[in-house]
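Q: A structural model of the following input is requested.
(chains A, B, C and D)
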2 protein chains.
Amino acid sequence: MAVVTAPLAKDMFDPLCPSDLNPIRVGDKWAGMIVRCLELGPARFSQLRVPLTGITAKVLTKSLRALERDGLIRRAAGEYSLTPLGRSLLGPLDAACAWTREHWDELLDAREGLYPH
Amino acid sequence: MAVVTAPLAKDMFDPLCPSDLNPIRVGDKWAGMIVRCLELGPARFSQLRVPLTGITAKVLTKSLRALERDGLIRRAAGEYSLTPLGRSLLGPLDAACAWTREHWDELLDAREGLYPH
DNA sequence: AGGTCCGGTTTCCAAACGGATACCGGATAT
DNA sequence: ATATCCGGTATCCGTTTGGAAACCGGACCT
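A: Next up is the predicted model:
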(Lines give C-alpha, C1' and ligand atoms only; values in the text may rest on other atoms or scores of the structure.)
Protein backbone atom coordinates (compact mmCIF):
# COMPACT_ATOMS: atom_id res chain seq x y z
CA MET A 1 0.00 0.00 0.00
CA ALA A 2 1.31 3.35 -0.93
CA VAL A 3 1.70 5.30 2.21
CA VAL A 4 4.62 7.54 1.61
CA THR A 5 2.82 10.44 0.11
CA ALA A 6 -0.07 12.56 1.19
CA PRO A 7 -3.59 11.31 0.56
CA LEU A 8 -4.45 11.27 -3.13
CA ALA A 9 -1.21 12.89 -4.09
CA LYS A 10 -0.40 12.40 -7.74
CA ASP A 11 2.13 9.68 -7.05
CA MET A 12 0.14 7.95 -4.37
CA PHE A 13 0.02 4.87 -6.51
CA ASP A 14 3.25 5.34 -8.34
CA PRO A 15 4.57 1.90 -9.21
CA LEU A 16 8.03 3.21 -8.46
CA CYS A 17 6.96 3.57 -4.88
CA PRO A 18 7.51 0.02 -3.63
CA SER A 19 4.78 0.21 -1.10
CA ASP A 20 5.09 -3.41 -0.13
CA LEU A 21 8.00 -2.24 1.94
CA ASN A 22 5.45 -0.92 4.34
CA PRO A 23 4.97 -3.58 6.99
CA ILE A 24 1.62 -2.16 8.03
CA ARG A 25 -1.30 -3.16 5.86
CA VAL A 26 -5.02 -2.75 5.97
CA GLY A 27 -7.02 -5.73 4.85
CA ASP A 28 -5.96 -7.21 1.55
CA LYS A 29 -3.54 -5.80 -0.94
CA TRP A 30 -5.83 -3.03 -2.14
CA ALA A 31 -8.10 -2.31 0.81
CA GLY A 32 -5.99 0.50 2.20
CA MET A 33 -5.83 2.27 -1.11
CA ILE A 34 -9.53 1.87 -1.67
CA VAL A 35 -10.32 3.42 1.68
CA ARG A 36 -8.00 6.25 0.82
CA CYS A 37 -9.68 6.77 -2.51
CA LEU A 38 -13.01 7.14 -0.78
CA GLU A 39 -11.71 9.57 1.79
CA LEU A 40 -12.77 12.64 -0.16
CA GLY A 41 -16.15 11.35 -1.17
CA PRO A 42 -18.08 8.53 -2.84
CA ALA A 43 -16.83 6.98 -6.02
CA ARG A 44 -18.09 4.58 -8.62
CA PHE A 45 -16.58 1.30 -9.66
CA SER A 46 -14.92 2.66 -12.77
CA GLN A 47 -13.70 5.75 -10.97
CA LEU A 48 -11.88 3.59 -8.48
CA ARG A 49 -10.10 1.74 -11.22
CA VAL A 50 -8.35 4.89 -12.38
CA PRO A 51 -6.06 5.55 -9.41
CA LEU A 52 -5.76 1.85 -8.62
CA THR A 53 -3.69 1.31 -11.71
CA GLY A 54 -3.42 -2.30 -12.68
CA ILE A 55 -6.22 -3.67 -10.56
CA THR A 56 -8.51 -6.03 -12.41
CA ALA A 57 -12.27 -5.91 -12.15
CA LYS A 58 -12.36 -9.22 -10.36
CA VAL A 59 -9.93 -8.22 -7.65
CA LEU A 60 -11.52 -4.83 -7.16
CA THR A 61 -14.89 -6.51 -6.77
CA LYS A 62 -13.53 -8.91 -4.23
CA SER A 63 -11.86 -6.21 -2.19
CA LEU A 64 -14.98 -4.08 -2.27
CA ARG A 65 -17.16 -6.96 -1.15
CA ALA A 66 -14.80 -7.69 1.73
CA LEU A 67 -14.79 -4.07 2.85
CA GLU A 68 -18.55 -3.99 2.57
CA ARG A 69 -18.94 -7.19 4.54
CA ASP A 70 -16.80 -5.71 7.29
CA GLY A 71 -18.89 -2.57 7.43
CA LEU A 72 -16.12 -0.26 6.29
CA ILE A 73 -17.75 0.83 3.08
CA ARG A 74 -21.28 0.93 1.80
CA ARG A 75 -22.78 0.62 -1.66
CA ALA A 76 -25.73 2.75 -2.62
CA ALA A 77 -27.02 3.85 -6.00
CA GLY A 78 -23.97 2.49 -7.73
CA GLU A 79 -21.62 4.47 -5.55
CA TYR A 80 -19.24 3.31 -2.89
CA SER A 81 -18.62 5.42 0.19
CA LEU A 82 -17.06 5.10 3.58
CA THR A 83 -19.25 4.22 6.52
CA PRO A 84 -18.57 6.01 9.81
CA LEU A 85 -16.64 2.91 10.80
CA GLY A 86 -14.57 3.08 7.65
CA ARG A 87 -13.98 6.76 8.17
CA SER A 88 -12.78 6.11 11.69
CA LEU A 89 -10.10 3.90 10.21
CA LEU A 90 -8.46 6.87 8.55
CA GLY A 91 -6.82 7.92 11.80
CA PRO A 92 -4.80 4.76 12.42
CA LEU A 93 -4.21 4.49 8.70
CA ASP A 94 -2.63 7.92 8.70
CA ALA A 95 -0.56 6.95 11.71
CA ALA A 96 0.72 3.94 9.83
CA CYS A 97 1.49 6.06 6.80
CA ALA A 98 3.30 8.59 8.93
CA TRP A 99 5.41 5.86 10.44
CA THR A 100 6.44 4.53 7.07
CA ARG A 101 7.12 7.99 5.69
CA GLU A 102 9.24 8.69 8.72
CA HIS A 103 11.24 5.47 8.51
CA TRP A 104 11.37 5.07 4.79
CA ASP A 105 15.11 5.49 4.56
CA GLU A 106 15.76 2.92 7.25
CA LEU A 107 13.46 0.44 5.59
CA LEU A 108 15.24 0.96 2.30
CA ASP A 109 18.64 0.62 3.90
CA ALA A 110 17.63 -2.56 5.67
CA ARG A 111 16.46 -4.13 2.45
CA GLU A 112 19.68 -3.27 0.73
CA GLY A 113 21.70 -4.88 3.46
CA LEU A 114 23.29 -1.60 4.38
CA TYR A 115 21.86 -2.00 7.81
CA PRO A 116 23.64 -4.22 10.39
CA HIS A 117 24.11 -6.93 7.81
CA MET B 1 -3.23 -10.60 14.77
CA ALA B 2 -4.59 -10.56 18.23
CA VAL B 3 -5.13 -6.98 19.10
CA VAL B 4 -8.05 -6.95 21.41
CA THR B 5 -6.22 -7.40 24.61
CA ALA B 6 -3.36 -5.62 26.25
CA PRO B 7 0.18 -6.59 25.30
CA LEU B 8 1.11 -10.08 26.47
CA ALA B 9 -2.14 -10.55 28.27
CA LYS B 10 -2.89 -14.18 28.91
CA ASP B 11 -5.37 -14.43 26.08
CA MET B 12 -3.40 -12.39 23.62
CA PHE B 13 -3.16 -15.38 21.39
CA ASP B 14 -6.36 -17.03 22.35
CA PRO B 15 -7.63 -18.91 19.33
CA LEU B 16 -11.11 -17.86 20.33
CA CYS B 17 -10.13 -14.31 19.61
CA PRO B 18 -10.76 -14.14 15.87
CA SER B 19 -8.03 -11.65 15.29
CA ASP B 20 -8.33 -11.83 11.54
CA LEU B 21 -11.25 -9.52 11.98
CA ASN B 22 -8.73 -6.79 12.50
CA PRO B 23 -8.25 -5.11 9.14
CA ILE B 24 -4.89 -3.67 10.16
CA ARG B 25 -2.00 -6.07 9.93
CA VAL B 26 1.72 -5.86 10.28
CA GLY B 27 3.73 -7.89 7.81
CA ASP B 28 2.70 -11.49 7.47
CA LYS B 29 0.33 -13.48 9.59
CA TRP B 30 2.63 -13.69 12.59
CA ALA B 31 4.84 -10.63 12.34
CA GLY B 32 2.72 -8.45 14.56
CA MET B 33 2.57 -11.03 17.29
CA ILE B 34 6.30 -11.62 17.10
CA VAL B 35 7.02 -7.94 17.51
CA ARG B 36 4.67 -7.89 20.45
CA CYS B 37 6.41 -10.86 22.01
CA LEU B 38 9.71 -9.04 21.83
CA GLU B 39 8.34 -5.86 23.31
CA LEU B 40 9.40 -6.71 26.83
CA GLY B 41 12.82 -8.03 25.95
CA PRO B 42 14.78 -10.48 23.83
CA ALA B 43 13.60 -14.00 23.36
CA ARG B 44 14.94 -17.19 21.90
CA PHE B 45 13.46 -19.25 19.11
CA SER B 46 11.86 -21.80 21.36
CA GLN B 47 10.57 -19.14 23.73
CA LEU B 48 8.74 -17.49 20.88
CA ARG B 49 7.02 -20.71 19.99
CA VAL B 50 5.26 -20.86 23.33
CA PRO B 51 2.90 -17.89 23.00
CA LEU B 52 2.64 -18.32 19.24
CA THR B 53 0.62 -21.46 19.69
CA GLY B 54 0.44 -23.52 16.58
CA ILE B 55 3.20 -21.89 14.60
CA THR B 56 5.55 -24.34 12.96
CA ALA B 57 9.31 -23.96 13.01
CA LYS B 58 9.40 -23.31 9.31
CA VAL B 59 6.90 -20.49 9.39
CA LEU B 60 8.43 -18.92 12.47
CA THR B 61 11.81 -18.99 10.80
CA LYS B 62 10.45 -17.38 7.70
CA SER B 63 8.70 -14.62 9.61
CA LEU B 64 11.79 -13.96 11.68
CA ARG B 65 13.97 -13.76 8.57
CA ALA B 66 11.58 -11.30 6.98
CA LEU B 67 11.51 -9.11 10.07
CA GLU B 68 15.28 -9.28 10.23
CA ARG B 69 15.67 -8.42 6.57
CA ASP B 70 13.49 -5.38 7.11
CA GLY B 71 15.55 -4.23 10.04
CA LEU B 72 12.77 -4.60 12.59
CA ILE B 73 14.43 -7.28 14.65
CA ARG B 74 18.00 -8.41 15.16
CA ARG B 75 19.53 -11.76 15.96
CA ALA B 76 22.49 -11.94 18.29
CA ALA B 77 23.82 -14.78 20.40
CA GLY B 78 20.81 -16.90 19.65
CA GLU B 79 18.40 -14.26 20.84
CA TYR B 80 15.99 -12.14 18.89
CA SER B 81 15.32 -8.57 19.93
CA LEU B 82 13.70 -5.47 18.53
CA THR B 83 15.86 -2.94 16.79
CA PRO B 84 15.13 0.74 17.44
CA LEU B 85 13.22 0.67 14.16
CA GLY B 86 11.20 -2.30 15.32
CA ARG B 87 10.55 -0.65 18.63
CA SER B 88 9.33 2.48 16.89
CA LEU B 89 6.69 0.33 15.25
CA LEU B 90 5.06 -0.34 18.60
CA GLY B 91 3.38 3.07 18.55
CA PRO B 92 1.38 2.65 15.35
CA LEU B 93 0.82 -0.97 16.27
CA ASP B 94 -0.78 0.08 19.51
CA ALA B 95 -2.86 2.64 17.65
CA ALA B 96 -4.11 -0.09 15.37
CA CYS B 97 -4.88 -2.32 18.33
CA ALA B 98 -6.71 0.48 20.05
CA TRP B 99 -8.81 1.07 16.97
CA THR B 100 -9.81 -2.55 16.73
CA ARG B 101 -10.52 -2.80 20.44
CA GLU B 102 -12.66 0.29 20.17
CA HIS B 103 -14.65 -0.92 17.17
CA TRP B 104 -14.76 -4.58 17.98
CA ASP B 105 -18.50 -4.69 18.38
CA GLU B 106 -19.14 -2.95 15.11
CA LEU B 107 -16.81 -5.30 13.30
CA LEU B 108 -18.56 -8.27 14.80
CA ASP B 109 -21.98 -6.90 13.96
CA ALA B 110 -20.94 -6.21 10.39
CA ARG B 111 -19.71 -9.76 9.93
CA GLU B 112 -22.95 -11.14 11.25
CA GLY B 113 -24.93 -9.07 8.82
CA LEU B 114 -26.55 -7.15 11.64
CA TYR B 115 -25.09 -3.99 10.16
CA PRO B 116 -26.85 -2.18 7.30
CA HIS B 117 -27.12 -5.45 5.38
C1' DA C 1 -31.91 -3.89 -34.42
C1' DG C 2 -27.29 -3.03 -33.44
C1' DG C 3 -23.48 -0.95 -30.80
C1' DT C 4 -21.49 0.76 -26.61
C1' DC C 5 -20.59 1.49 -21.84
C1' DC C 6 -20.99 0.11 -17.13
C1' DG C 7 -20.51 -3.12 -13.56
C1' DG C 8 -19.56 -6.76 -12.87
C1' DT C 9 -18.97 -12.64 -13.11
C1' DT C 10 -16.61 -16.80 -14.78
C1' DT C 11 -12.84 -19.48 -15.97
C1' DC C 12 -8.21 -20.48 -16.00
C1' DC C 13 -3.72 -20.17 -14.19
C1' DA C 14 0.75 -19.17 -11.65
C1' DA C 15 2.71 -17.84 -7.56
C1' DA C 16 2.65 -17.24 -2.67
C1' DC C 17 1.30 -18.79 1.85
C1' DG C 18 1.03 -21.74 5.55
C1' DG C 19 0.90 -26.32 7.72
C1' DA C 20 2.81 -31.28 8.48
C1' DT C 21 6.48 -34.04 8.58
C1' DA C 22 11.02 -35.62 8.31
C1' DC C 23 15.55 -34.64 8.57
C1' DC C 24 20.01 -32.54 10.28
C1' DG C 25 24.24 -30.39 12.46
C1' DG C 26 26.18 -28.66 16.69
C1' DA C 27 26.27 -28.50 21.66
C1' DT C 28 25.51 -30.66 25.86
C1' DA C 29 24.44 -34.24 29.04
C1' DT C 30 25.02 -39.35 30.62
C1' DA D 1 29.55 -43.61 22.30
C1' DT D 2 25.02 -42.45 22.62
C1' DA D 3 21.04 -39.82 23.46
C1' DT D 4 18.79 -35.51 23.65
C1' DC D 5 17.74 -30.79 22.89
C1' DC D 6 18.01 -26.65 20.23
C1' DG D 7 17.51 -24.22 16.13
C1' DG D 8 16.69 -24.69 12.46
C1' DT D 9 16.26 -26.70 6.91
C1' DA D 10 14.08 -29.55 3.12
C1' DT D 11 10.24 -31.59 1.07
C1' DC D 12 5.60 -32.09 0.05
C1' DC D 13 1.06 -30.53 -0.26
C1' DG D 14 -3.48 -28.14 -0.01
C1' DT D 15 -5.42 -23.51 0.10
C1' DT D 16 -5.51 -18.79 -0.96
C1' DT D 17 -4.34 -14.85 -3.63
C1' DG D 18 -4.13 -12.13 -7.51
C1' DG D 19 -3.82 -11.47 -12.45
C1' DA D 20 -5.46 -12.22 -17.68
C1' DA D 21 -8.96 -12.72 -20.49
C1' DA D 22 -13.42 -13.85 -21.94
C1' DC D 23 -18.06 -13.31 -21.23
C1' DC D 24 -22.59 -11.17 -19.88
C1' DG D 25 -26.95 -8.61 -18.62
C1' DG D 26 -29.01 -4.14 -18.26
C1' DA D 27 -29.23 0.67 -19.67
C1' DC D 28 -28.78 3.85 -23.09
C1' DC D 29 -27.86 5.73 -27.60
C1' DT D 30 -28.78 5.99 -32.74
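Q: hang on, residue A:85 packs against residue B:110?
A: Yes: with contact defined as CB atoms under 8 Å, residue A:85 and residue B:110 form a contacting pair (7.3 Å). Yep, even glycine has a C-beta here, placed from its N, CA and C like the rest.
Q: how about the secondary structure of residue A:36?
A: Assigned by DSSP: H, G, I helix; E, B strand; the rest coil, the conformation of residue A:36 is helix.
Q: which stretches of chain A form helices?
A: Taking DSSP state H, the helices of chain A run over residues A:31-37, A:45-49, A:57-69, A:84-88, A:90-111.
Q: ok, now how distant is the residue nearest the centre of chain A from residue A:27?
A: Relative to the mean C-alpha position of chain A, the nearest C-alpha, by CA atoms, centre = their mean, is the one of residue A:33, at 2.1 Å. Distance from residue A:33 to residue A:27, counting by CB to CB, to the nearest Å: 10 Å.
Q: cool, residue A:51 as well?
A: The gap separating residue A:51 from residue A:27 is 17 Å, by CB to CB.
Q: and what of residue A:58?
A: 16 Å.
Q: more neighbours, those two?
A: For the pair residue A:58 and residue A:27, the greater number of neighbours falls to residue A:27 (21 against 8), based on other CB atoms under 10 Å in any protein chain shown.
Q: give the contact list for the residue lying closest to the more buried one once chain neighbours are set aside.
A: Leaving out its chain neighbours, the residue that sits closest to residue A:27 by CB to CB, 6 or more residues apart in numbering or on different chains is residue B:23, at 4.6 Å. Contact criterion CB atoms under 8 Å, 6 or more residues apart in numbering or on different chains gives A:26, A:27, A:31, A:70, A:72, A:89, B:100 as the residues in contact with residue B:23.
Q: out of those, who has the most neighbours?
A: When the contacts of residue B:23 are compared by neighbour count (other CB under 10 Å), residue A:72 ends up highest, at 27 neighbours.
Q: got phi/psi on that residue?
A: The phi and psi values for residue A:72, taken as degrees, to the nearest 10, are phi -90, psi -30.
Q: that one contacts residue A:80, doesn't it?
A: No: between residue A:72 and residue A:80 no contact is recorded; they are 10.3 Å apart, counting by CB under 8 Å.
Q: excluding chain neighbours, what is closest to residue A:74?
A: Excluding its sequence neighbours, the residue lying closest to residue A:74 (CB to CB, 6+ apart) is residue A:83, at 5.1 Å.
Q: give me the pLDDT for the one you found.
A: What the model reports for residue A:83 is a pLDDT of 96.
Q: about what we covered before: right, and the residue nearest to the centre of chain A touches residue A:49 too?
A: No: under the criterion of CB under 8 Å, residue A:33 is not in contact with residue A:49, lying 11.5 Å apart.
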